[in-house]
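**Student:** return a 3D structure for these sequence lines:
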Amino acid sequence: MFAAHRRARHRGGFTLIELLVVVAIIALLVSILLPSLSRAREQARSVLCQTRVRQLMTGTLQYVGEYKVLPGTVSVFYETPNRNVGWWRDFTDPLWTWLGVTSNYRAEVQNAKNRTVPYKGALFKYVCDPQIYLCPSDYKGEPNNTPIGGGNKWYKFSYSMNAYAGWLVPEKIRLAKRNPDGNTDWDQFRPPVSPPRYPIFVEEHPMTNMKDYPDGNMNFSDKLCTRHSVAKKQQKGRSNVGMLDGHVESLLVSWDDDSMSWYKRWKINTWNYPDSNKSPMDVILPPRP
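**Tutor:** Numbers count the residues shown, from 1 in each chain. Presented below is the predicted three-dimensional model:
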């Protein structure tokens, strides 16, 4: 009887081979599910990024409703009176730009204790949360030349404003016509821009947005960052863009796009000021809140 009981207890256990088979099945299931979970997390971060860009656009439209112009950008202070020579004019009021940077933007962004960016910018009273300026897929670290861009060195903002939209009246924005060689014909402009097709906020590549020129100013020579839904085999990724009418698009961008592709894509007119012989500083500034 005791021998039969011992045999019954022995038959109730698992052998080493059976345990190894179970472990192998679990490992296989994990290897299948992890990429799907990773994609789901990235999709969630991309959706949250779009939400934050939309909130920036909502704040921008509130600003337009109050001041009748778009908030300022750093390029507003770049003068080209004869279109051949340009120079920067110093400006010290952070309320003159959407992000709160002045002509001393490097020191303001790179100083971790500095509370100017984005708190004293033109949009902060509408946005009220510094996290809105950061993409959830961004992270603190060194930027690099990969399409994704690496990390956000100073981790104060992830987005940039179209440099050529600063202080413009939305209804008067014009797109540029281009010559067959791709260059801008400065004397020829298209009719008023269609708000759903004119970009205001973009995800700029960290190499220019953080390392070289941390000013939140998307210039014609800057590149888009493709943090979302990266398809390495196709060498493409998605970048979120906030349009003038307030909606957000997830733009599929090829990694081999050159630095000027973004503004050529939308036919951005790089000199939209009412009088190209005047400095924007000579035009009436938006009133302080």
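**Student:** residue 70 is in contact with residue 170, correct?
**Tutor:** Yes - counting by CB atoms under 8 Å, residue 170 touches residue 70, with 6.5 Å between them. (Each C-beta comes from the backbone N, C-alpha and C, glycine too.)
**Student:** quick one: the strands in this structure?
**Tutor:** 78-79, 87-88, 160-162, 174-178, 184-192, 199-202, 217-218, 228-231, 236-243, 248-254 (DSSP state E).
**Student:** so how far is residue 144 from residue 216?
**Tutor:** 20 Å (CB to CB, to the nearest Å).
**Student:** ignoring the adjacent residues along the chain, who's closest to residue 224?
**Tutor:** The spatial neighbour of residue 224 that comes closest, neighbours along the chain excluded (CB to CB, 6 or more residues apart in numbering), is residue 239 at 4.5 Å.
**Student:** residues in contact with the one you found?
**Tutor:** When contacts are counted by CB atoms under 8 Å, 6 or more residues apart in numbering, residue 239 touches 202-203, 224-228, 250-251, 253.
**Student:** with distance to residue 31 and neighbour count added, can I get those residues in CSV?
**Tutor:** As requested, the contacts of residue 239 are exported to CSV (distance: CB to CB, whole Å; neighbours: other CB atoms under 10 Å):
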residue, distance to residue 31, neighbour count
202, 36, 23
203, 31, 28
224, 33, 26
225, 30, 31
226, 26, 25
227, 25, 26
228, 24, 24
250, 28, 15
251, 32, 18
253, 30, 21
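**Student:** quick check, nearest of the residues you listed to residue 166?
**Tutor:** Of all the contacts of residue 239, residue 202 has the smallest distance to residue 166: 14.0 Å, by CB to CB.
**Student:** and the closest one, what's its pLDDT?
**Tutor:** Listed pLDDT for residue 202 reads 94.
**Student:** that one touches residue 165, doesn't it?
**Tutor:** No - if you go by CB under 8 Å, residue 202 and residue 165 don't touch, sitting 10.9 Å apart.
**Student:** more neighbours: which of residue 170 and residue 70?
**Tutor:** More crowded of residue 170 and residue 70, by other CB atoms under 10 Å: residue 70, with 25 against 19.
**Student:** my guess is the more buried one meets residue 59, correct?
**Tutor:** No - with contact defined as CB under 8 Å, residue 70 does not count as touching residue 59 (11.3 Å).
**Student:** wait, residue 238 sits on residue 248?
**Tutor:** No - judged on CB under 8 Å, residue 238 makes no contact with residue 248 at a distance of 11.5 Å.
**Student:** higher neighbour count, the two?
**Tutor:** residue 238 (22 against 19).
**Student:** what residue ranges in the stretch 101-250 of the chain score low on pLDDT?
**Tutor:** Along the stretch 101-250 of the chain, segments meeting pLDDT under 70 span 176-192.
**Student:** so which residues of it form helices?
**Tutor:** Secondary structure of the stretch 101-250 of the chain, counting by DSSP state H, counting those that start in this stretch: helices at 105-110, 124-127, 206.
**Student:** any idea which of the ones you listed is most buried?
**Tutor:** helix 206 (a mean of 28; mean count of other CB atoms under 10 Å).
**Student:** hmm, who's touching it?
**Tutor:** Outside helix 206, the residues touching it (CB under 8 Å, 6+ apart) are 138, 143-144, 149-153, 225.
**Student:** one more time with 10 Å
**Tutor:** The contact list for helix 206 (CB atoms under 10 Å, 6 or more residues apart in numbering) reads 138, 141-146, 148-154, 158, 212, 214, 223, 225, 227.
**Student:** off-centre distance for it?
**Tutor:** Chain-centre distance of helix 206: 9 Å, with CA atoms, centre = their mean, to the nearest Å.
**Student:** same check on stretch 251-265?
**Tutor:** Counting by CA atoms, centre = their mean, stretch 251-265 comes out at 14 Å from the chain centroid.
**Student:** what is the rounded mean pLDDT of that stretch?
**Tutor:** 76.
**Student:** can I get that stretch as PDB, trimmed to CA atoms?
**Tutor:** Once non-C-alpha atoms are left out, stretch 251-265 reads as follows in PDB (Å, rounded to 0.1, in the frame of the first residue of the first chain):
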ATOM      1  CA  LEU A 251       3.100  63.000 -41.600                       C
ATOM      2  CA  LEU A 252       5.000  60.100 -43.100                       C
ATOM      3  CA  VAL A 253       8.600  61.300 -43.800                       C
ATOM      4  CA  SER A 254      11.300  59.500 -45.700                       C
ATOM      5  CA  TRP A 255      14.700  59.400 -44.000                       C
ATOM      6  CA  ASP A 256      16.400  60.600 -47.100                       C
ATOM      7  CA  ASP A 257      14.400  63.900 -47.200                       C
ATOM      8  CA  ASP A 258      16.800  66.800 -47.400                       C
ATOM      9  CA  SER A 259      16.800  69.600 -44.900                       C
ATOM     10  CA  MET A 260      14.700  71.800 -47.100                       C
ATOM     11  CA  SER A 261      12.000  69.300 -48.000                       C
ATOM     12  CA  TRP A 262       9.600  70.400 -45.200                       C
ATOM     13  CA  TYR A 263       9.200  73.900 -46.500                       C
ATOM     14  CA  LYS A 264       9.200  72.900 -50.100                       C
ATOM     15  CA  ARG A 265       6.500  70.500 -49.300                       C
END
